[in-house]
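Colleague: give me coordinates for this.
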Amino acid sequence: MADWISQERLPVPVTAYGPLHLLATTVHRMANNGLAHEAVDAADAYLAIARSVGDEKTIRFLMQGKMYAMLALGRIPEADTLGSSLLHEYRRIGSALGEAKALCDLAQVHMLGGHYVDCMRNLARAGVLLDEQPADTDRRRSAMCSFAEAATAAELYETAAWAYEHLRHHSASFDLVHAVTLLYWGLRLSHVGRADEARSRLRRSAEITRAWLENHPDPTVTAVHALALAKLGETHVAEKLARSVIGELRTAGTHQYARMAHLAHGISLRAHGFLHEARREFIAARDLPEFGSRPDERPIIRFELALTALALDDGQASRDLFQTVEAQVRELWQLRLQRLAMLRQARQREEIEAARARAEREILRDPLTGLGNRRRFDLLMDGISPTGDDPLCLLLIDLDHFKAVNDAYSHSAGDRALREVATILRAHCRAGDEAVRYAGDEFVIFLRGDATVGAEVGERIRTAVARAAILADVRLTVSVGVAGWKPGMTGEQLFRAADDRLYAAKWSGRNTTAA
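Modeller: Predicted coordinates:
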């Protein structure tokens, strides 16, 4: 088999994504490159294909790409609907990281729609979910990136900088966005008169970009570095760097970084007394296309223009203009601080709720195996409705001759066996399935699927236990009874049907699956 794989191509790439994920990647690329209308049309066409073949992962990825395109087009209500659908879907399948990422995307939608309370609540909830997940995984880093982007959209520099600092420990690819976050934070601080704090952020941004440029010369990084140096007063170097990349950035359509280069050039020219030339640079920055712009760029450009107008003409009109712009900048900063306070309050509420949920989970958890306990079993049984429409089956699993194992090898060996079997059961549960320890050596799996799927899973579990070296010199086996839910069945009737199948498996010689 290994030789065949090395010589032949598999029919589809083997990835963690759906088999049609390249279609979704195309939509995301379009949305990110200013082709929002084309991205929406492509997403609709590709969704029909993905749905026809049941590629659920690609469907979710396509919905996300379409949502980003809707945001770029300013179609906030439609983006909100897509984001809410994604959130519901990730909650349905029990994906905490998927839920966190969807919450971050919705936070951006709500921020753009002016719904700040919803934005902060979603961001706080996402942060708590991320804290509960293993740190060193690609999916968590992806969700953390969305968290940082949502914080950036809300101008929560403190939160975004913390997230990017965390991400930088895992990948240098986040250096640039971290430096940009610190840069804009420093610029805004300088505009509200907090000079010492501004210099601290600007110096840190310059350090990051300087280290990057030593090994990876790049016009975008050069623009960030030049703007940080210009605000720090190193205007001769900043002017030279900015002038060297402005044309290249404008030609490439990299407008955000072209704006930074123009700002760096303008600030440097103003410091050298070339006020009219500086004004032209700021106007050039202001007039670049807005696609991909940040919400804080316009206030920054407006402030620098007003400051230059005041330097050009210290008349009453210029002073009035500058005072008006300065007041607007301070008001926007206060609104930003209010959002930051809202996030902190929402975070406190979410942490309290998460602690309560953890306590409830502990009440429903079997301390020996880590699976759900009898209380959890009763809750799941109560949730089975005679009028439900989702496929469901029960697997009843019983260890064969377990009393003899306890008698011969001690209860501590028996406990070890129960923990190992629980690990095998958990490994065979997908998102939406749940295993519980019903009593003693009896387990139950609530499986999302019909009886055919249940029989397949039950047989895989039986085989896995029989092959596992759980106790030395002991071959442990299990008997499995499987029953599928049918319309009109109560939970009690479903359990009784599975119990009858388990009884049949026992009487047929044990180490058997009966469905």
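Colleague: pLDDT value on W185, please?
Modeller: We have a pLDDT of 96 for W185.
Colleague: for it, which non-adjacent residue is closest in space?
Modeller: Spatial nearest neighbour of W185, excluding adjacent residues (Cβ to Cβ, 6 or more residues apart in numbering): Y157 at 3.8 Å. In short, each C-beta sits where N, CA and C put it, glycine included.
Colleague: again, but for F174
Modeller: L167 is the one closest to F174 (Cβ to Cβ, 6+ apart), at 4.1 Å.
Colleague: which regions of this protein lie under the pLDDT threshold?
Modeller: Applying pLDDT under 70 to the chain flags the ranges 1-18, 291-292.
Colleague: can you tell me which residue is spatially central in it?
Modeller: The chain has A143 as the residue nearest its centroid, 2.0 Å off, counting by Cα atoms, centre = their mean.
Colleague: hang on, isn't that one packed against A100?
Modeller: Yes - in this structure, A143 is within contact of A100 by Cβ atoms under 8 Å, at 4.5 Å.
Colleague: returning to that earlier point: how far off centre is the host helix or strand of the residue nearest to F174?
Modeller: L167 is part of helix 157-168, with elements assigned from DSSP states H and E. Offset of helix 157-168 from its chain centre (Cα atoms, centre = their mean, to the nearest Å): 14 Å.
Colleague: packing partners of that helix?
Modeller: Here helix 157-168 touches helix 138-153, helix 175-191, helix 316-363, going by 3 or more Cβ pairs under 8 Å, 6 or more residues apart in numbering; DSSP states H and E.
Colleague: so the longest one versus helix 175-191, what angle?
Modeller: What that stands for is helix 316-363. Here helix 316-363 points in a direction 130 degrees away from that of helix 175-191 (axes from the mean of the first three to the mean of the last three Cα atoms, to 10 degrees).
Colleague: beyond helix 316-363, next helix or strand please.
Modeller: Going down the chain from helix 316-363, the next helix or strand is helix 374-382, by DSSP H and E.
Colleague: tell me which residues of that next one are tucked away?
Modeller: Across helix 374-382, burial judged by 16 or more other Cβ atoms under 10 Å covers 376-377, 380-381.
Colleague: tell me which of those residues is nearest to K403?
Modeller: Using Cβ to Cβ, F377 is the member of the buried residues of helix 374-382 that lies nearest K403, at 21.7 Å.
Colleague: spatially, what comes nearest to the closest one if we skip its sequence neighbours?
Modeller: Per Cβ to Cβ, 6+ apart, closest to F377 is V436, 4.6 Å.
Colleague: checking the one you found next. Helix, strand or coil?
Modeller: strand (DSSP: H, G, I helix; E, B strand; the rest coil).
Colleague: how far away is L425 from I445?
Modeller: 6 Å (Cβ to Cβ, to the nearest Å).
Colleague: equivalent analysis for E38, please.
Modeller: In this view, E38 and I445 are 46 Å apart by Cβ to Cβ.
Colleague: same question, L476
Modeller: Separation of L476 from I445 (Cβ to Cβ) stands at 18 Å.
Colleague: so those two - more neighbours on which side?
Modeller: I445 (25 against 19; other Cβ atoms under 10 Å).
Colleague: just checking, the more buried one is part of a strand?
Modeller: Yes - the assignment for I445 by three-state DSSP puts it in a strand.
Colleague: ok, now which ones touch the residue lying closest to it once chain neighbours are set aside?
Modeller: Among residues not flanking I445 along the chain, L395 sits closest, at 4.1 Å (Cβ to Cβ, 6+ apart). Contacts for L395 (Cβ atoms under 8 Å, 6 or more residues apart in numbering) come out as 444-445, 447, 454, 457-458, 461, 480-482, 498.
Colleague: turn the residues you listed into CSV, columns for secondary structure and distance to Y68.
Modeller: As requested, the contacts of L395 are exported to CSV (DSSP: H, G, I helix; E, B strand; the rest coil; distance: Cβ to Cβ, whole Å):
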residue, secondary structure, distance to Y68
V444, strand, 42
I445, strand, 38
L447, strand, 35
G454, helix, 39
V457, helix, 37
G458, helix, 42
I461, helix, 41
V480, strand, 45
G481, strand, 47
V482, strand, 43
A498, helix, 45
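Colleague: which one of these is nearest to R51?
Modeller: Closest to R51, out of all of those and judged by Cβ to Cβ, is L447, at 24.0 Å.
Colleague: ok so, going back, overlap in contacts, L425 and I445.
Modeller: Residues within reach of L425 and of I445 at once, by Cβ under 8 Å, 6+ apart, are 397, 435, 461.
Colleague: need phi/psi at E281.
Modeller: Main-chain torsions, E281, degrees, to the nearest 10: phi -60, psi -40.
Colleague: an error on my part: the question was meant for R204.
Modeller: phi -60, psi -40.
Colleague: mind listing what the nearest residue to it once chain neighbours are set aside touches?
Modeller: Closest residue in space to R204, ignoring its immediate chain neighbours: L182 at 5.1 Å, by Cβ to Cβ, 6+ apart. By Cβ under 8 Å, 6+ apart, L182 lies in contact with 157, 161, 201-202, 204-205, 208.
Colleague: and S508, how far from F495?
Modeller: 20 Å.
Colleague: repeat that for A100.
Modeller: A100 is 35 Å from F495, where distance means Cβ to Cβ.
Colleague: same thing with L22?
Modeller: For L22, the distance to F495 - Cβ to Cβ - is 45 Å.
Colleague: which one's more surrounded, those two?
Modeller: When L22 and F495 are compared for neighbours, F495 comes out ahead with 20 against 14, by other Cβ under 10 Å.
Colleague: on the three-state scheme, the more buried one is what?
Modeller: helix.
Colleague: just list the residues touching it, thanks.
Modeller: 381, 394, 396, 444, 483.
Colleague: dump the host helix or strand of the second one to CSV, restricted to CA.
Modeller: Taking DSSP H and E as the criterion, L394 maps to strand 393-399. Included here for strand 393-399 are C-alpha records, laid out as CSV according to Å, rounded to 0.1, in the frame of the first residue of the first chain:
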residue,chain,number,x,y,z
CYS,A,393,-29.1,5.5,18.3
LEU,A,394,-27.9,4.1,21.7
LEU,A,395,-25.0,1.8,22.2
LEU,A,396,-25.0,-0.2,25.4
ILE,A,397,-21.5,-1.5,26.2
ASP,A,398,-20.8,-4.0,29.0
LEU,A,399,-17.4,-5.5,30.0
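Colleague: and the spatially closest residue to E89 that is not a sequence neighbour, how far from D138?
Modeller: In space, and not counting its chain neighbours, E89 is closest to R60: 6.2 Å by Cβ to Cβ, 6+ apart. Note on R60: its distance to D138, by Cβ to Cβ, is 16 Å.
Colleague: where do the strands sit along this protein?
Modeller: 393-399, 434-439, 442-447, 478-484, 513-514 (DSSP state E).
Colleague: give me the sheet partners of the third one and which way each runs.
Modeller: According to DSSP bridges, the neighbouring strands of strand 442-447, each with its direction, are strand 393-399 (antiparallel), strand 434-439 (antiparallel).
Colleague: how about the helices in the stretch 201-350 of the chain?
Modeller: 219-231, 235-252, 255-271, 275-287, 297-312, 316-363 (DSSP state H, counting those that start in this stretch).
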